[in-house]
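>>> here is my input; please provide its structure:
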Amino acid sequence: MATTAEASSPWRERRFLVFAAGNSLNNIGEAVYVTALPLLAYQLTGSLTTMSLLAALTPAAILLGPVIGVVIDRHGSRAVVLPGLLLQLVAVIWLNIEVTRESAGGGTLLVLGAMIQIGATLYQAGWMAGVPGMFPSHPTRARGTLSSLFIITSVVGPVLVAAALSQIGYVGLLWINAVTFLAPIAVWLGGIRPPAPTPAPPAESGSVSRFVGDLGEGWRILRARRVLFLSTLVGLPMLSVGGVGTVALIIFDLRGRQGVSADHVGIILALFRIGAVVGSLIVSQARHFEVRRWLTITAIGTTAALLLLSVPVLPVVLVGLTAFGAMQGARMAMSAMAMVKYLPGNALGRVHGLLDLIGGIPVVIAPLVIPSIATGIGSGATFLLLGAVGSVGIVALVRCWPDLLGGAADDAKLEHGPVSPAQ
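Model prediction:
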């Protein structure tokens, strides 16, 4: 039930330990990549627009979520995990070759970056939808723990960039990322993978009609989970100001207004990651999970952190950066756990895809708009504006508060028990 804790910890299961280890090694490479790539783009182009477009690729790729979700629910998580990994690996190696030949311009970075992010979306969606089937005795805590591990390992990325950039350069860092793709492949080959899918019912209509019908069913399931649906809507302002566009603006602000060197940016970004680790762990390791509590904390905290980032004093910016990271980590863990907590296993793919689409739209728009705003009014004033946008989430939370309270009891009735291996 929604008000009780899962009795067992995923850390006691050997299969989970192996899975988490392989996943974490790959996450470290991803953290190196996402830290090094915008710095490389700044060195090659000096353009916030290029940096923001690269940042927008991640949420743009997850807009494919509804399509990927239908594939997962119909054919199982296995259908997308290995193709996603292999696509990423090919694109990363190609990018490394282009950077080594010094022929990588802004266009090349964007094309290969798009391939990498599409592969990442396939791989991550497949793994995460398969978590309840792989660890049915503790699906919510396993998903929350993996979310926390993702953020913990992401701390290593900025640290590695800061420590190794002057020794091995951007090419060496990108090759580190490429090697880490072998870890989840080894886990898969070792037999730790999502369970085989149950046979799909025979189709009675064309593929387009079937796709629309599957999505329609996913939408009805999402609407029926009242707390999950309302918390998604309330969280949209936070997504628009707490996404990759704001992180790109932070990097640009540190390099420009604050005059911080590239290797020191990596160290400073570690503060952001550490804050995210703390926020994520507090949410994911709590024995009792309540969406509206963390929604309130993250809405207020994100707005306050953005106001601190606007202050032209580096120590204050560092405090704001750490707080901003803590709020993003808490929000990520909250969202990941809420999906597993409130959704049946055979709908995770579709509903996750729909949530990606809903949340991805503001996250994609933000990095396309922020450069123009920052060019016109400066980065400090832009942070103030983002804080004002984030405060809309607080207003929406106040307006929806009675519905969230009333919906909690209803959602408890919809809480699924241990998930059978549907994927």
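
>>> next one, pLDDT for residue 327 please.
At residue 327, the model reports a pLDDT of 92.

>>> one more: residue 105?
65.

>>> now do residue 423
pLDDT, read off for residue 423, is 33.

>>> now residue 307
With respect to pLDDT, residue 307 scores 92.

>>> try residue 388
In this model, residue 388 carries a pLDDT of 92.

>>> from residue 25, how far out is it?
40 Å (C-beta to C-beta, to the nearest Å). Where C-beta positions appear, they are placed from N, C-alpha and C, glycine not excepted.

>>> biggest helix in the protein by residues?
When the chain is parsed with DSSP state H, its longest helix is helix 379-414.

>>> so which elements touch the helix or strand harbouring residue 174?
Assigned by DSSP states H and E, residue 174 falls within helix 156-180. Helix 156-180 sits against helix 14-45, helix 78-100, helix 262-284, with contacts defined as 3 or more C-beta pairs under 8 Å, 6 or more residues apart in numbering; DSSP states H and E.

>>> between residue 388 and residue 25, who's got more neighbours?
residue 25 (20 against 14; other C-beta atoms under 10 Å).

>>> got a list of what the more buried one touches?
Contacts for residue 25 were tallied using C-beta atoms under 8 Å, 6 or more residues apart in numbering; they are 153, 180, 183-184.

>>> which one of those sits closest to residue 291?
Residue 291 lies nearest to residue 153 out of those, by C-beta to C-beta, at 25.3 Å.

>>> spatially nearest residue to residue 24 (excluding sequence neighbours)?
Using C-beta to C-beta, 6 or more residues apart in numbering and skipping the chain neighbours, the partner closest in space to residue 24 is residue 153 (4.7 Å).

>>> do residue 196 as well
residue 76 (6.5 Å).

>>> now residue 365
Once flanking residues are discounted, residue 365 sits nearest to residue 240: 7.0 Å by C-beta to C-beta, 6+ apart.

>>> so who does that neighbour touch?
For residue 240, the contacting residues are 362-363, 365-366, 389, by C-beta under 8 Å, 6+ apart.

>>> in this structure, which residue is most central in space?
Centroid check for the chain by C-alpha atoms, centre = their mean gives residue 332 as the closest residue, at 6.7 Å.

>>> what strand or helix carries the residue lying closest to residue 86 once chain neighbours are set aside?
Using C-beta to C-beta, 6+ apart and skipping residues adjacent in sequence, the residue nearest residue 86 is residue 119, 7.5 Å away. Here residue 119 is covered by helix 106-134, with elements defined by DSSP H and E.

>>> buried sites along that helix?
The neighbour-count check on helix 106-134 (16 or more other C-beta atoms under 10 Å) flags 106, 109, 112-134 as buried.

>>> on that earlier part again, adding mean pLDDT and distance to residue 214 as columns, could you present the helices and strands packed on helix 156-180 in a markdown table?
Shown next, in a markdown table, are these (pLDDT from 0 to 100; distance: least, C-beta to C-beta, whole Å):
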| stretch | mean pLDDT | distance to residue 214 |
| --- | --- | --- |
| helix 14-45 | 83 | 28 |
| helix 78-100 | 85 | 14 |
| helix 262-284 | 81 | 30 |
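
>>> rebuild these as CSV, extending it with distance to residue 397.
Converted to CSV, the helices and strands packed on helix 156-180 look like this (distance: least, C-beta to C-beta, whole Å):
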stretch, distance to residue 397
helix 14-45, 29
helix 78-100, 34
helix 262-284, 17
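
>>> so residue 194 touches residue 79, yeah?
No. Taking contacts as C-beta atoms under 8 Å, residue 194 lies outside contact range of residue 79: 9.6 Å.

>>> between the two, who's got more neighbours?
Of the pair residue 194 and residue 79, residue 194 is the one with more neighbours under other C-beta under 10 Å, namely 25 against 19.

>>> which ones are touching the more buried one?
Residues near residue 194 by C-beta under 8 Å, 6+ apart: 76-78, 81, 126-127, 129-130, 133-134, 421, 423.

>>> what about it, distance to residue 77?
Distance, residue 194 to residue 77, using C-beta to C-beta: 4 Å.

>>> what of residue 26?
Distance, residue 26 to residue 77, using C-beta to C-beta: 16 Å.

>>> swap in residue 356?
Look at residue 356 and residue 77: by C-beta to C-beta, they are 15 Å apart.

>>> the more surrounded of those two?
residue 77 (27 against 22).

>>> test my guess that that one contacts residue 123.
No. Here residue 77 lies out of contact with residue 123, judged by C-beta under 8 Å, at a distance of 10.0 Å.

>>> quick one, the helix holding residue 119 and helix 156-180 angle?
On the basis of axes from the mean of the first three to the mean of the last three C-alpha atoms, to 10 degrees, helix 106-134 is oriented at 90 degrees to helix 156-180.

>>> packing partners for helix 106-134?
helix 14-45, helix 48-62, helix 65-75, helix 78-100, helix 139-154, helix 314-342, helix 348-377.

>>> same thing but at 6 Å, please
Helices and strands touching helix 106-134, by 3 or more C-beta pairs under 6 Å, 6 or more residues apart in numbering; DSSP states H and E, are helix 48-62, helix 78-100, helix 139-154.

>>> other residues contacting the lowest-mean-pLDDT helix or strand in the chain?
The helix or strand of the chain with the poorest confidence is helix 48-62; it has a mean of 72 (mean pLDDT, DSSP states H and E). The contact list for helix 48-62, computed with C-beta atoms under 6 Å, 6 or more residues apart in numbering, reads 38, 41, 106, 110, 113-114, 117-118, 121, 244-245, 248, 252, 356, 360, 363-364, 367, 371.

>>> what about residue 84, neighbour count?
When neighbours are defined as other C-beta under 10 Å, residue 84 has 22 of them.

>>> from memory it sits against residue 125, does it?
No. Applying C-beta atoms under 6 Å as the test, residue 84 and residue 125 come out as separate, 7.9 Å apart.
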